[in-house]
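**Q** Pasted the sequence and its predicted model underneath.
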Amino acid sequence: KEKVVPTKERNGYLDFVKGFAIFLVIFGHALQYGSGDSFLTQELYWDDPLMKAIYSVHMPLFAAVSGYFYWFGLNRRGPIKAAWNKIQQFLPVCIVWGTILWIAHGAAGKGWGLKTLIRLCITDYWFLWTIMIASVVVSFVQWTAQERRVMRVMLYEAACAVAFLTPDTYWFNAHKFMLGYFVMGFFYGKYGCSWLQKPVAMLVSVAAWCAMIPFYTREAYIYLSGFTLMGKENWLKQLGIDIYRFAVGAAGVVMLLCLLKKLYEKMRIGWFFGAIRKVGERSLSIYILSTYIFTDLLPYLTQNAEVNYLLTLLESVVMLAFCCAVVHCCKGQKWQRGCCLDANIRSI
């Protein structure tokens, strides 16, 4: 075990990882919403090979990095204050943006119901809820078990059982799926894993991901097949899907961390890598700003387009540049903390 000690400086490598991860998110959304009307309405994107590769790993990578950072927050503040800090950081954002969307929803003549307001607040920007829920679960386990390792294992096993036996409504399918990656990142922050720095880790993870990704079908998407075993005609099949989905994501996370580490060490100097790090620093704000531009604007601009990865790349670059410019212009404004997400996270 090699414990990692935090410093006051940002970790350029992890900003680089977050920058790459948010690019994958943007590219996936651009591919889905910016490849023509038929591609979107017929949901052909679920079968696109590049879409499968991106969706197998991009949000698990974000969850693992979030868990890694959470270890340092918990170590500094304690489990209860660390979880409360995450709630204070993200809950207002979900409520503010949910309310804005509710007002727009009502102004468009789609109703002003309280149920709609609650749904928008707890389902839009679902990943922020994932971080809050995962933080509470991890803090509860750490606070309850302290240094009793056996009890920690039992509590995580209990959480896993609860996940399999509870409904998937209100995006809980995604929350439950991402919890495992958050815990992985948390324990990497706590203990460190020297073997990840060795070439064999990269070779094994690349081989494992490449071997598993050809079997990634529509059932593998958490958004389509869900997570729970409840109500499934064949619960063994669902369990197999859940295990496969987690395994391919875990292999992909390790693969990307290893590959990006090597790339960063060799080519960290230069405007391109500096730009990716800056994007990583603003990743959560970009996540918020881009979401409804993709869903509400891009489909209208690209109705007659066809699948073209070069066009998708161009759309992604333009979106990243636009979001970074907006965040930069908003920097320092008093209202920014209530609408944007980029807290001054410090890492090792």
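**A** Structure's in. What do you need?

**Q** what's next to stretch 317-326, contact-wise?
**A** If you take CB atoms under 8 Å, 6 or more residues apart in numbering as the criterion, stretch 317-326 is touched by 22-23, 26, 30, 278-279, 282, 285-286, 289-290, 293-294. Glycine gets a C-beta too; all of them are placed from N, C-alpha and C.

**Q** confidence score at the spatially most central residue of the chain?
**A** Central residue of the chain (CA atoms, centre = their mean): M59, 3.3 Å from the mean position. Per-residue confidence (pLDDT) for M59: 93.

**Q** wait, doesn't it sit right on F127?
**A** Yes - between M59 and F127 a contact is recorded at 6.8 Å, counting by CB atoms under 8 Å.

**Q** Enumerate every residue touching G226.
**A** G226 sits next to D168, N173, Q238 when contact means CB under 8 Å, 6+ apart.

**Q** Apply 7 Å and report the result again.
**A** Counting by CB atoms under 7 Å, 6 or more residues apart in numbering, G226 touches D168, N173.

**Q** State the distance from it to D242.
**A** Here the criterion is CB to CB, to the nearest Å. By it, G226 lies 9 Å from D242.

**Q** what does M151 give?
**A** M151 is 25 Å from D242, by CB to CB.

**Q** Looking at those two, which has the bigger crowd around it?
**A** Here M151 and D242 are set side by side on neighbour count (other CB atoms under 10 Å), and the busier one is D242, at 23 against 13.

**Q** nearest residue to the more buried one other than its sequence neighbours?
**A** Once flanking residues are discounted, D242 sits nearest to F227: 6.1 Å by CB to CB, 6 or more residues apart in numbering.

**Q** How about K110?
**A** Spatially, and ignoring its direct neighbours in sequence, K110 is nearest to T116 (7.8 Å; CB to CB, 6+ apart).

**Q** check which helix or strand covers the one you found.
**A** Assigned by DSSP states H and E, T116 falls within helix 114-123.

**Q** Please apply the same query to C323.
**A** helix 309-330.

**Q** Can you point out the buried residues in that helix?
**A** Residues of helix 309-330 classed as buried by neighbour count (16 or more other CB atoms under 10 Å): L311, T312, E315, S316, M319, L320, C323, C324, V327.

**Q** How about stretch 45-60?
**A** 45-46, 48, 51-60.

**Q** Just the CA coordinates for it, please, in CSV.
**A** Taking C-alpha atoms only, stretch 45-60 is exported to CSV below (Å, rounded to 0.1, in the frame of the first residue of the first chain):
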residue,chain,number,x,y,z
TYR,A,45,-26.8,5.5,-32.6
TRP,A,46,-27.1,2.6,-30.1
ASP,A,47,-25.6,0.4,-32.8
ASP,A,48,-22.8,2.7,-33.9
PRO,A,49,-19.4,1.0,-33.0
LEU,A,50,-17.8,4.3,-31.9
MET,A,51,-20.8,5.1,-29.8
LYS,A,52,-20.4,1.7,-28.1
ALA,A,53,-16.7,2.3,-27.4
ILE,A,54,-17.3,5.7,-25.9
TYR,A,55,-20.3,4.8,-23.8
SER,A,56,-18.6,1.7,-22.4
VAL,A,57,-16.1,3.9,-20.5
HIS,A,58,-16.7,7.7,-20.5
MET,A,59,-19.0,8.0,-17.5
PRO,A,60,-17.2,5.2,-15.5
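
**Q** what's in contact with it?
**A** 21, 24-25, 27-28, 31-32, 39, 127, 178, 181, 213, 216, 218, 221, 248-249, 252-253, 256, 307, 309.

**Q** which of those count as buried?
**A** 21, 24-25, 27-28, 31-32, 39, 127, 178, 181, 213, 216, 221, 248-249, 252-253, 256, 307.

**Q** show me what contacts the closest residue in space to Y181 that isn't next to it in sequence?
**A** Nearest in space to Y181, with sequence neighbours left out and distances taken as CB to CB, 6+ apart, is A63 at 3.9 Å. Neighbour list for A63: T130, M178, Y181, F182, G185 [criterion: CB under 7 Å, 6+ apart].

**Q** what helix or strand is the second one on?
**A** Put plainly, it is M178. Going by DSSP H and E, M178 is in helix 172-191.

**Q** Report the distance from the helix or strand that that helix is followed by to the chain centre.
**A** Downstream of helix 172-191, the first helix or strand assigned by DSSP H and E is helix 199-212. Helix 199-212 sits 22 Å away from the centroid of its parent chain (CA atoms, centre = their mean, to the nearest Å).
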